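Chemist: the following block contains a protein sequence and its predicted model.
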Amino acid sequence: MDYHRDHKENTVRASRCVQIFLCCNPEETKVERKALREKVYPRLREYCRYKHGLEFQVIDAYMGVDPDDVHDCDVRKLRLKLLDDCLKFSAGPCFVALIGEQYGSTGIPEEIEVNEFEMILCRSQSEGLRTIVLENWYHRDENSVPAAYRLRAKADVLPDYYNKSNGRAREEAHAVWHDDFTEMTMTFSTIITECLKEGTIKPEQAQKYFTSALEAELQHGVINQPPSILRNCICYVCKIPHLTHHLKKLLANQKGPQGPAGQLPQEALAHAKLLRLRDEILPSLATVSDLRVYTSTLLGNHAGKMKQEYIEELCQQFYTDIVKLIDSSNKNTQKPVDNFEGVEVENMKHVTLCNLYASLSDFEWKERDQIKEYIVGKQPNTPLIVMGGPCTGKTVLLATCAKQYRYL
């Protein structure tokens, strides 16, 4: 029995929502995501509702997240949880990746075993690197088994990090975090690379220091999934060779199969990992499964014009591919008149998503009292509109209020 296939089919019958997880590098795909959001998602939402009686949702979990928080451990765990939900519950297509020329930034580990962390401190000191930042951000947690150093919350180290009433103090705290994050990333990269060369740390231990969110999500959402899931996944690859020509040249000049890896800049090593994922693993999967991988190449002399044409073609291809997958996954279903059980399932998923977003709230909101008054009926019978620019926390605010005032 194909457990994955049966589980997926049973889940599709219970779910009344097409949920697609969008995997990408946020800095590299701003234009593509904006075009899809404005031109394609509304059409697909209408198509799902009128053709199949389904809801349509794309989970772009970088939307509304402060750029300084994108690589946080909590945000990465939240993204993987949302990815899991899409794989399990989507009524059809569940995963789309937009892949370009960037491997993506790596985060810093949430937890490091005591022996490993103290070894990093000793090696850093012997190499003349500062350790005060690492010691400030990581604290020893004796309750962990085995004992480990755990990354402290930003609000504990920088009390003004989430201070919305004092913009200047908040900006200064963000600047400190940015500098400290960069320094910790460089320290980990330098020391762990040397330890790998010496064999004092195992490659599997080192993965947490060098794996980007893009790779983690591709591994979790595509590479480690069975064929029954892959048939509902799509990868759109856009190659712009001239942007990374110098990195490819460095990699080509390596001596031997391993090459002088320690002498290569980290940017080149990261690009090598991207090439392995993008140009080897994904195409190989596509040849042995129903995974769809589309590749476009933009040439240097006309990259600007070609980029615009690529985005237009991407929007058309995205719409066509998703419609086909929705139709094939729901060809034996009819638009429901009344499905109480399905509504209950959807409600439970919304509650779970609400709790996940609410867990990102680390500070008090002055707007909560206004929302509470509206909910309990002290405001006039008019719509409540929450306004704010990108990354100002609108979704997190509403999720926090929904969780706290659910039973009023």
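Modeler: That came in fine, so what should we check first? The structure presented is a predicted model; accordingly, all values stated were derived computationally and were not measured.
Chemist: for the rest of this, base every contact and every neighbour count on C-alpha atoms.
Modeler: Noted.
Chemist: from the centroid of this protein, which residue is nearest?
Modeler: The geometric centre of the chain, computed from its C-alpha atoms, lies nearest to Arg79 (C-alpha atoms, centre = their mean), at 4.8 Å.
Chemist: and it, what does it touch?
Modeler: Arg79 makes contact with Ala61 under the criterion C-alpha atoms under 8 Å, 6 or more residues apart in numbering.
Chemist: work out for me the element the closest residue to Leu384 other than its chain neighbours sits within.
Modeler: With C-alpha to C-alpha, 6 or more residues apart in numbering as the criterion, Leu384 has its nearest non-adjacent residue at 7.5 Å, and that residue is Tyr374. Mapping Tyr374 onto the secondary structure by DSSP states H and E places it in helix 368-375.
Chemist: C-terminal to that helix, what's the next element?
Modeler: helix 394-404.
Chemist: can you give me the angle that following helix makes with helix 368-375?
Modeler: Put simply, helix 394-404 runs at 60 degrees to helix 368-375, going by axes from the mean of the first three to the mean of the last three C-alpha atoms, to 10 degrees.
Chemist: pLDDT averaged over helix 394-404, what's the number?
Modeler: In this model, helix 394-404 has an average pLDDT of 77.
Chemist: which positions within that helix qualify as buried?
Modeler: 394-402 (16 or more other C-alpha atoms under 10 Å).
Chemist: still on that earlier bit, give the buried residues for the helix holding Tyr374.
Modeler: Using 16+ other C-alpha under 10 Å as the test for burial, helix 368-375 gives 368, 371-372, 374-375.
Chemist: ok, now stretch 127-137?
Modeler: 131, 134, 137.
Chemist: start to end distance for that stretch?
Modeler: Length of stretch 127-137, first residue to last, C-alpha to C-alpha, to the nearest Å: 20 Å.
Chemist: what lies in contact with it?
Modeler: The list of residues contacting stretch 127-137 from outside it, by C-alpha under 8 Å, 6+ apart, reads 121, 124-125, 151-152, 157, 180, 183-184, 187.
Chemist: can you rerun that using 10 Å?
Modeler: 117-118, 120-125, 149-154, 156-157, 179-181, 183-185, 187-188, 190-191 (C-alpha atoms under 10 Å, 6 or more residues apart in numbering).
Chemist: pLDDT (mean, whole number) over stretch 292-310?
Modeler: Rounded mean pLDDT across stretch 292-310 is 82.
Chemist: just the CA trace of it, in PDB.
Modeler: Listed next in PDB are the C-alpha coordinates belonging to stretch 292-310 (Å, rounded to 0.1, in the frame of the first residue of the first chain):
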ATOM      1  CA  ARG A 292       7.900  19.900 -13.000                       C
ATOM      2  CA  VAL A 293      11.100  21.900 -13.500                       C
ATOM      3  CA  TYR A 294      11.100  24.900 -15.900                       C
ATOM      4  CA  THR A 295      14.300  26.700 -16.800                       C
ATOM      5  CA  SER A 296      14.800  30.100 -18.400                       C
ATOM      6  CA  THR A 297      18.100  31.800 -19.200                       C
ATOM      7  CA  LEU A 298      18.500  35.500 -19.500                       C
ATOM      8  CA  LEU A 299      21.500  36.800 -21.500                       C
ATOM      9  CA  GLY A 300      23.700  39.600 -20.200                       C
ATOM     10  CA  ASN A 301      23.300  42.100 -23.000                       C
ATOM     11  CA  HIS A 302      19.500  42.100 -22.800                       C
ATOM     12  CA  ALA A 303      18.900  41.000 -19.200                       C
ATOM     13  CA  GLY A 304      16.700  43.900 -18.300                       C
ATOM     14  CA  LYS A 305      14.200  43.500 -21.200                       C
ATOM     15  CA  MET A 306      14.400  39.700 -21.000                       C
ATOM     16  CA  LYS A 307      13.700  39.900 -17.300                       C
ATOM     17  CA  GLN A 308      10.400  41.700 -17.900                       C
ATOM     18  CA  GLU A 309       9.500  39.200 -20.600                       C
ATOM     19  CA  TYR A 310      10.400  36.300 -18.300                       C
END
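Chemist: flag every buried residue along it.
Modeler: By neighbour count on 16+ other C-alpha under 10 Å, the buried set for stretch 292-310 is 292-293, 296, 298-299, 303, 306-307, 310.
Chemist: repeat for stretch 279-296
Modeler: 282-283, 285-286, 290-293, 296.
Chemist: same question, stretch 60-71
Modeler: So, applying 16+ other C-alpha under 10 Å, buried residues of stretch 60-71: 60-62, 64-65, 69-71.
Chemist: measure that stretch end to end?
Modeler: Across stretch 60-71, the terminal residues are separated by 15 Å (C-alpha to C-alpha).
Chemist: check stretch 137-156 too.
Modeler: Length of stretch 137-156, first residue to last, C-alpha to C-alpha: 9 Å.
Chemist: buried residues in it?
Modeler: For stretch 137-156, using 16+ other C-alpha under 10 Å, the buried residues are 137-138, 140-141, 148-151, 154.
Chemist: what segments of the stretch 1-150 of the chain are strands?
Modeler: Ranges of strands in the stretch 1-150 of the chain, per DSSP state E, counting those that start in this stretch, are 17-23, 55-59, 95-99, 111-113, 138-141, 148-151.
Chemist: picking that back up, ok, the residue nearest to Leu384 touching Val386?
Modeler: No - using C-alpha atoms under 10 Å, Tyr374 makes no contact with Val386, being 11.9 Å away.
Chemist: where does the stretch 301-408 of the chain have low pLDDT?
Modeler: 301-303, 332-366, 378-381, 389-392, 406-408 (pLDDT under 70).
Chemist: rewinding a little: now for the helix holding Tyr374, which elements pack on it?
Modeler: helix 394-404 (3 or more C-alpha pairs under 10 Å, 6 or more residues apart in numbering; DSSP states H and E).
Chemist: just to revisit the earlier point, nearest to Glu46 among the buried residues of stretch 127-137?
Modeler: When the buried residues of stretch 127-137 are ranked by distance to Glu46 (C-alpha to C-alpha), Trp137 comes first, at 47.6 Å.
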